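just to be clear, the model below is a prediction. Sequence and coordinates:
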Amino acid sequence: MNAQTDTAVEVYRRDGCLIVPDLLSPHECAALCAESLAVCCGERGPVAGLEVPEPGESEEDTMARYMVCAMVHKLNSAFAPMLRDPRIVAVRQRLIEPDVKAVHSQLYFKHAEQRLARDPVMIA
């Protein structure tokens, strides 16, 4: 869906979110996925609620521990530039208004299945 259409605005107002296919390239998505793993492994600095991965633990199991990471752009990672990326800013301005400033970010982890016995936690 093109985020610059009236239909996109209607979907956003109805659902509270909007999926914009192909907004980021496959390369950019892969880089953000790698950065997500780095955050979960503690490689981007201290994060409240973060547990150090067990030796030999799979990437999937490491990330399956978590549901969301708040304020991920403050970790000096690849996520900070996303708040000001012109493609994302254009969508945000179309959906909300031109004078909106992004000051909060959240990284949500979507799991195909829950691999661990316990529920995922929020890290902040």
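Here it is on my side, so go on. It should be emphasised that the depicted structure is a prediction, and the values quoted were computed from it without experimental measurement.

and the helix or strand harbouring residue 35, what's its mean pLDDT?
With secondary structure defined by DSSP states H and E, residue 35 is part of helix 26-40. Averaging the model's pLDDT scores along helix 26-40 yields 92.

so what does the helix or strand just after that helix touch, helix or strand wise?
Secondary structure here is assigned by DSSP H and E; on that basis, the next helix or strand after helix 26-40 toward the C-terminus is helix 59-64. Contact here means 3 or more Cβ pairs under 8 Å, 6 or more residues apart in numbering; DSSP states H and E; on that basis helix 59-64 packs against helix 26-40. Quick note: C-beta positions are derived from backbone N, CA and C, even for glycine.

alpha carbons only: can I get the helix holding residue 35 in PDB?
Extracted as PDB, the C-alpha positions of helix 26-40 are listed here (Å, rounded to 0.1, in the frame of the first residue of the first chain):
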ATOM      1  CA  PRO A  26      15.800  -6.200   1.700                       C
ATOM      2  CA  HIS A  27      19.400  -5.200   2.500                       C
ATOM      3  CA  GLU A  28      18.100  -2.600   5.000                       C
ATOM      4  CA  CYS A  29      15.800  -5.100   6.600                       C
ATOM      5  CA  ALA A  30      18.600  -7.600   7.000                       C
ATOM      6  CA  ALA A  31      20.800  -5.000   8.600                       C
ATOM      7  CA  LEU A  32      18.000  -4.100  11.100                       C
ATOM      8  CA  CYS A  33      17.500  -7.800  11.900                       C
ATOM      9  CA  ALA A  34      21.200  -8.200  12.500                       C
ATOM     10  CA  GLU A  35      21.100  -5.000  14.700                       C
ATOM     11  CA  SER A  36      18.200  -6.500  16.600                       C
ATOM     12  CA  LEU A  37      20.300  -9.600  17.500                       C
ATOM     13  CA  ALA A  38      23.100  -7.300  18.600                       C
ATOM     14  CA  VAL A  39      20.800  -5.500  20.900                       C
ATOM     15  CA  CYS A  40      19.500  -8.800  22.400                       C
END
